[in-house]
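A.B. asks: Have a look at this prediction, sequence included:
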Amino acid sequence: MTPGTVTIIGAGQGGFQAAISLRQNGFEGAITLIGDEPGLPYQRPPLSKVYLQDGKAEALYLRPESFFEAKRIDYLPGTRVEAIDRAAQRLTVLRDGAEKSLPYDHLILATGTRNLRPPIEGIAHACDLRTLTDAQRLREKLDQPARIAVIGGGFIGLEFAAVARKLGHEVAVIEAAPRLMARAVSQRMSDHFADLHRGWGTALHLGQPAVAVEPAGVTLADGTGVTADFVLVAAGVRPNVELAEAAGLAIDNGVKTDARLQTSDPAISALGDCASFPDPRGRGHIRLESVQAATDHARLIAKRLAKGDTDPYGALPWFWSDQGACKLQIAGYATPDAAEEEIAAGIVGRFDERGLAAIETIDNARAHMRARKLIASPEPVTRADLEEIAA
Ligand SMILES: Cc1cc2nc3c(=O)[nH]c(=O)nc-3n(C[C@H](O)[C@H](O)[C@H](O)COP(=O)(O)OP(=O)(O)OC[C@H]3O[C@@H](n4cnc5c(N)ncnc54)[C@H](O)[C@@H]3O)c2cc1C
């Protein structure tokens, strides 16, 4: 049955998309979109890329203010949901210091993630890069020549490092794992990007966790001191599941959903970075941190709520990272233990027990699009298919 009121917690990429997709699918009921950040919903990917250079916040906004009125979406910025009362189907929200109670017929959890702060002495002094407010603070710091230490050699730390180097700052990246982006890419891609960053003049400290952040910089486990005027911590994220957990919903490295993105309560769905859903390739529950997953999840939930569509979620994951002038694209999803094979220069295939799981490409949009088609196809992949990608 179509719900009368859909309330969405989290006005990020996925929460916003859910609101818009509900209207696009003909949903006529009330939509409330609640976000604890100020201002209009915005895109995060440019925060570690172009925004650091041009500072154009207007370019990040997903829609102008007039859109919400035109689409009858009650958008509540600067509003935090404090509790979910599942029995009464009501939320306790906090806005401008005042508590309010809001009803829902269907609730969508789109609460995303927050930055992980590893237990490093003095880490409270380090900066984050998760929100527009964080990025605005970093831009101010990038105004003057600086020595910068980045804790974390994942996508966000490396994207930031590339921009900071381009702007002429002295940059060191500290990564506890022996290679860059180890959670997400093959050894070959890690090596390729390590060479690139070193070539741009960034110092890489691999296989050495940071143990202390001090006013003079960062100390590593082996006693090495990395001098820095400021430190960015980009050491991964944690899903925001506390609200769901307190409400008694099932949690499994994220809010646990079924294949239709419904939580253990049929009146509540979850999407995007905070949701843990069955992997269409049958590798248990997975959680993805990407714009594509958040928006595709939102579209699927909107169709279910507006039209009663019961399709399971099966979209192929894809991801990109811009580091300096170099674009890495990944089609599919591979776990860190996946085997790898170079298909052609700048194209790496990753394989698990079910076969081809992901293809990584560098500066090759054509090969990436071909890889997406190939991996999404139900047919078994042959050597000739793989060679075709690079042709
Ligand atoms: C710097 C940066 C660069 C990135 N680059 C890329 C990229 O190149 N490619 C890519 O695919 N992805 C990238 N990502 C990841 C991408 O932005 C996320 O995967 C995507 O935003 C997830 O959408 P979401 O709606 O699940 O969560 P989010 O967009 O994080 O939104 C969640 C929102 O919920 C709010 N919230 C949480 N709890 C509450 C509450 N109790 N009450 C009210 N509001 C609440 C949060 O404050 C937040 O605004 C990047 C992320 C960052 C931070």
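C.D. replies: Arrived safely, thanks for sending.

A.B. asks: ok now do the residue lying closest to Ala216 once chain neighbours are set aside, which residues does it touch?
C.D. replies: Closest residue in space to Ala216, ignoring its immediate chain neighbours: Thr227 at 6.3 Å, by C-beta to C-beta, 6 or more residues apart in numbering. No exception for glycine: its C-beta is placed from N, CA and C like everyone else's. Contacts of Thr227 were listed using C-beta atoms under 8 Å, 6 or more residues apart in numbering, and they are Arg147, Ala149, Ala216, Gly217.

A.B. asks: What of Tyr313?
C.D. replies: Ala259, Arg260, Leu261, Phe277, Pro280, Asp296, His297, Leu300.

A.B. asks: In the stretch 151-300 of the chain, which residue sits closest to the ligand?
C.D. replies: In the stretch 151-300 of the chain, the residue found nearest to the ligand is Gly272; the distance is 2.2 Å by C-beta to the nearest ligand atom.

A.B. asks: Show the model's pLDDT score for that residue.
C.D. replies: On the pLDDT scale, Gly272 is placed at 98.

A.B. asks: so how many other residues sit close to it?
C.D. replies: With neighbours defined by other C-beta atoms under 10 Å, the count for Gly272 comes to 32.

A.B. asks: Surely it touches Asp296?
C.D. replies: No. Here Gly272 lies out of contact with Asp296, judged by C-beta atoms under 8 Å, at a distance of 9.4 Å.

A.B. asks: got the phi/psi numbers for the residue nearest the centre of the chain?
C.D. replies: Relative to the mean C-alpha position of the chain, the nearest C-alpha, by C-alpha atoms, centre = their mean, is the one of Glu289, at 3.4 Å. Recorded main-chain torsions at Glu289 are phi -110, psi 80, according to degrees, to the nearest 10.

A.B. asks: Against Met1, how distant is it?
C.D. replies: Counting by C-beta to C-beta, to the nearest Å, the separation of Glu289 from Met1 is 33 Å.

A.B. asks: before we move on, back to that, which one among the contacts of Thr227 gets closest to Asp105?
C.D. replies: Ala149 (48.9 Å; C-beta to C-beta).

A.B. asks: wait, is that closest one part of a strand?
C.D. replies: Yes. Counting by DSSP: H, G, I helix; E, B strand; the rest coil, Ala149 is part of a strand.

A.B. asks: got a pLDDT number for it?
C.D. replies: Looking at Ala149, its pLDDT is 98.

A.B. asks: what bridges to it?
C.D. replies: Under DSSP bridges, the beta-bridge partners of Ala149 are Ala172, Val231.

A.B. asks: what sits against it?
C.D. replies: Each residue near Ala149 by C-beta under 8 Å, 6+ apart is listed here: 171-174, 210, 217-218, 226-228, 230-232.

A.B. asks: ok, these vs Ile359, which is closest?
C.D. replies: Distance to Ile359, by C-beta to C-beta, is smallest for Val173 among the contacts of Ala149, at 25.8 Å.

A.B. asks: my read: the closest one touches Gly201, true?
C.D. replies: No. Taking contact to mean C-beta under 8 Å, the distance of 11.6 Å between Val173 and Gly201 leaves them out of contact.

A.B. asks: So for those two, which sits in the more crowded spot?
C.D. replies: When Val173 is set against Gly201 and neighbours are counted by other C-beta under 10 Å, the residue ahead is Val173, at 28 against 12.

A.B. asks: give the contact list for the more buried one.
C.D. replies: With the criterion set at C-beta under 8 Å, 6+ apart, Val173 makes contact with 149-150, 152-153, 157-158, 161, 180, 197, 202-205.

A.B. asks: Kindly reformat the residues you listed as JSON lines containing distance to the ligand and secondary structure.
C.D. replies: JSON lines is the format used below for the contacts of Val173 (distance: C-beta to the nearest ligand atom, whole Å; DSSP: H, G, I helix; E, B strand; the rest coil):
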{"residue": "Ala149", "distance to the ligand": "18", "secondary structure": "strand"}
{"residue": "Val150", "distance to the ligand": "12", "secondary structure": "strand"}
{"residue": "Gly152", "distance to the ligand": "12", "secondary structure": "coil"}
{"residue": "Gly153", "distance to the ligand": "15", "secondary structure": "coil"}
{"residue": "Gly157", "distance to the ligand": "10", "secondary structure": "helix"}
{"residue": "Leu158", "distance to the ligand": "11", "secondary structure": "helix"}
{"residue": "Ala161", "distance to the ligand": "12", "secondary structure": "helix"}
{"residue": "Leu180", "distance to the ligand": "16", "secondary structure": "coil"}
{"residue": "His197", "distance to the ligand": "17", "secondary structure": "helix"}
{"residue": "Thr202", "distance to the ligand": "18", "secondary structure": "coil"}
{"residue": "Ala203", "distance to the ligand": "22", "secondary structure": "strand"}
{"residue": "Leu204", "distance to the ligand": "20", "secondary structure": "strand"}
{"residue": "His205", "distance to the ligand": "22", "secondary structure": "strand"}
